[in-house]
Each structure stands twice: as C-alpha cells, then as structure tokens.
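Chemist: Build me a structure from this.
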Amino acid sequence: MIDRTPDELAALLTLSSAPGVGGKRFSAIMRYFGTAENALGASIGELVGVDGVTPAVASAIAGRTVDDAVLRQRDRALELGVTVLAITDGGYPEHLAVLDDAPALLYVRGDVGLLAVPGVAIVGTRRPSPYGRQVTNGLTKRLVEHGITIISGMARGVDTVAHKAALKCGGTTVAVLGCGVDVTYPPESKELHEQIALEGAVVSEFSIGMPPDATHFPRRNRIISGLSRAVIVTEAPLRSGALITARVANEQNRDVYAVPGDITREQSTGVNRLIADGAQVVTGGDELLVSLGLATSVSVPGGDRIALPVEIPDHLTGEDRAIVEALTVDPVHIDDLATKLGKDTSDLLTSLTLLEMQGLAEAHSGSRFARAVITG
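Modeler: Have a look, this model is predicted:
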C-alpha cells in the first residue's frame, strides 16, 4: 500500500499532468522536492534548478493548482480502490521504469504485486480465426501452468481470448487499457474487466475517467511490452496494432515471437511478416517454454525431448521449499545459489543432497545444481 495523503495524491495528479512533465522530469522533480505538494509550491526559479526542467516547463508547473477536476479524479480513485503508482514509488515495476518513455504515473485496479515480475504478452488481431483462438488458448494455458502472468490489451479478439484463458486456467492476467481504469472498453467486456480487477490487475497511464481514443492505443502498447519479458503475436494482419506492440518490444529489447499462419489468410500476413523480419517462430507450447527458459530439451534415443521442471510437492515447506523454488532447469553453481538464498554453502550442499534423493534436485558437473526435470 502506498502511504500518501489525499492532498499529496491530488498534488501528484496535478504535477504529472503539467505540459512537458514526463517520467524522467517527474522523477527529477520528486527527488529534488520530496513531495508533489512541495513542487507545486515552488517558484519558477526553484524549479529551473532541477536537472532537465526548462523555464517553459517550470512556468507550466508553477502556474498549476489542484482544481475540481483533479479532486473528482482523486475521489473516484479512492472510491474504487485504485492504486496510483508514481515512477518514484518502490512498487513501480523496475523493468518499466528503466524505459526512456516510462509514464510518470500508473493507475492500477487489482493486485499491484503482479507488475513486479515481468509477464508474457499475448496480442493479436481483433478478428481471429478459429485457428488463432485455438493457438492463443493453448499457449496461454502452457504459460499459466508455469506461473507466468499473461499481459494483453483487453481489445476484442486475441487479447480477450488470452485474458479469459488465463483466468479459466486459474492463472493471473494484467489488462493494459487505452482509457482510464474505471472505463470499460470495449463496452461488452464489463464482466471481464471486473473479473480481472478482482483476480489480476487492470492498468493504465491515463487518468481516471479518460475515454478511449485512437491516439491512446499506441501509447498503451509500449506499456504492454514494457511490463513483459516477451511478446507473442498469435495472429495478425499487416495493419494490426499487435505489430506496433511487436515493434516497440524490439526497441525495448524484449523477445518477440510469432505464430506462423496460413499464407492464404489475411489474419496471417502480419505474423508471417514478423517471422520474415526476424521474430522467433512459435512451433508449439513446449518449444516456447524452452525458448523462454521455463523448460529444457534433453537428448534421448530417437531424438530430443522436452524436459519440464518437476512440481514442488505440497508437503515440502520451509527452507527446502525455498531451495527448490530457487532452482531452475539451467544448472547454477552452488556458490551463486548460496548467495541468492543467503545460506552457508556446506549447509546448502547437505540440503541439496537430500533433495536430490527425493527426486527434486539434480547435481551437475562443476558443483552446479538444477531443478529435477521430467521428460515428455
């Protein structure tokens, strides 16, 4: 929970909406003055002393006051339980904050903690074919089975399929909107909107009550990819917003995946172009898990097979459970594991040996250990 008074929240909303105040300038101003109230009360001379604040921006800030519109937004946010995350707050996702165009504020309905760990974005056409729906459902299910949060834009079509599939599988999902988090768009998604707010998170950089606008969606797309470790486009024509998300993901150094489609279908022209331009090809759920580092492949007679990490039994608790959770399918040196867990190396070795006997850990050459795997 963000410890912020109602007056400071109103000042924060006012400061962030000043012309020329993006994420970077906002961060500099907040570091300099400590609070938004202090910043709004500062003189132009004081404001221009902040790194990156020009006289024009300083004049815009110094001339702003908390008005009735801001107070209505604040009260509505408090009424709905919306968390307003400033880029300077500890809960603001680090993987988004490092981007040059990170928003100064994020409005969040739901579980703010879901934003702390990068998820995987699944996006695509608003008019998916049965094939596109099937692939989106299948990939979503496989990712959810491995604890991955599904991120999408709540648009009609692939986005909605991905959100619903994640919830149906008992997973978590984040919807990034091109309007205020209290606005339902598209209108028929009201029930889904409320379910995501209850079981996942609805996120936007746009203020409370802001209606959707065509110019908002490209901006929304950079947040979808910014919150993600990878972006998957399951089906999309050439003129699709999903391709904008893929382009932005490339610029943000996120992995981009595309599902190959029927060359005779318009819905496949965009994904096939992505593949031609260098996107990684998704040929199946297992191969995707390997590429994302959630599984590994092993050589067996007859060809390589997919190895998935063993599930942690319910009875395993305490330090043993923490050790297994820290292990991945990729072997890690025991010294690095000890540092990560804050444990003595000799004690950790004893625990790993016992876990290996239980079939939960595997020893590798060079004092390296990994999560035990099952092949399928």
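
Chemist: distance of Val123 from Ala165?
Modeler: Distance of Val123 to Ala165, computed by CB to CB, to the nearest Å: 13 Å. All C-beta atoms are positioned from the backbone trio N, CA, C, and that covers glycine.

Chemist: What separation do you get for Gly226 and Leu143?
Modeler: Counting by CB to CB, the gap from Gly226 to Leu143 is 18 Å.

Chemist: more crowded one of the two?
Modeler: Neighbour count, other CB atoms under 10 Å: between Gly226 and Leu143, Leu143 has more, with 27 against 24.

Chemist: Wait, that one touches Ala162, no?
Modeler: No. Applying CB atoms under 8 Å as the test, Leu143 and Ala162 come out as separate, 9.5 Å apart.

Chemist: Spit out the residues that contact these two alike.
Modeler: Taking CB atoms under 8 Å, 6 or more residues apart in numbering as the criterion, Leu143 and Ala162 both touch Ile150.

Chemist: ok, which stretches of the stretch 1-150 of the chain are helices?
Modeler: 6-16, 23-33, 36-40, 44-47, 55-62, 68-80, 94-97, 130-145 (DSSP state H, counting those that start in this stretch).

Chemist: just checking, what packs against the second one?
Modeler: Okay, so that is helix 23-33. helix 6-16, helix 36-40 (3 or more CB pairs under 8 Å, 6 or more residues apart in numbering; DSSP states H and E).

Chemist: Kindly report the same for the longest one.
Modeler: In terms of contacts (3+ CB pairs under 8 Å, 6+ apart), helix 130-145 is packed against strand 119-123, strand 150-152, helix 158-168, helix 285-291.

Chemist: thinking again about what came up before, could the helices of the stretch 1-150 of the chain go into TSV alongside mean pLDDT and distance to Phe369?
Modeler: Formatted as TSV, those follow (pLDDT from 0 to 100; distance: least, CB to CB, whole Å):
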stretch	mean pLDDT	distance to Phe369
helix 6-16	95	46
helix 23-33	94	40
helix 36-40	95	48
helix 44-47	94	54
helix 55-62	94	53
helix 68-80	95	46
helix 94-97	92	27
helix 130-145	94	23
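
Chemist: Redo those as a markdown table? Include distance to Thr339.
Modeler: Formatted as a markdown table, those follow (distance: least, CB to CB, whole Å):
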| stretch | distance to Thr339 |
| --- | --- |
| helix 6-16 | 38 |
| helix 23-33 | 30 |
| helix 36-40 | 39 |
| helix 44-47 | 44 |
| helix 55-62 | 44 |
| helix 68-80 | 41 |
| helix 94-97 | 20 |
| helix 130-145 | 29 |
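
Chemist: pLDDT-wise, which helix or strand of the protein ranks last?
Modeler: Sorted by mean pLDDT, DSSP states H and E, the helices and strands of the chain end with strand 296-300, the least confident at a mean of 50.
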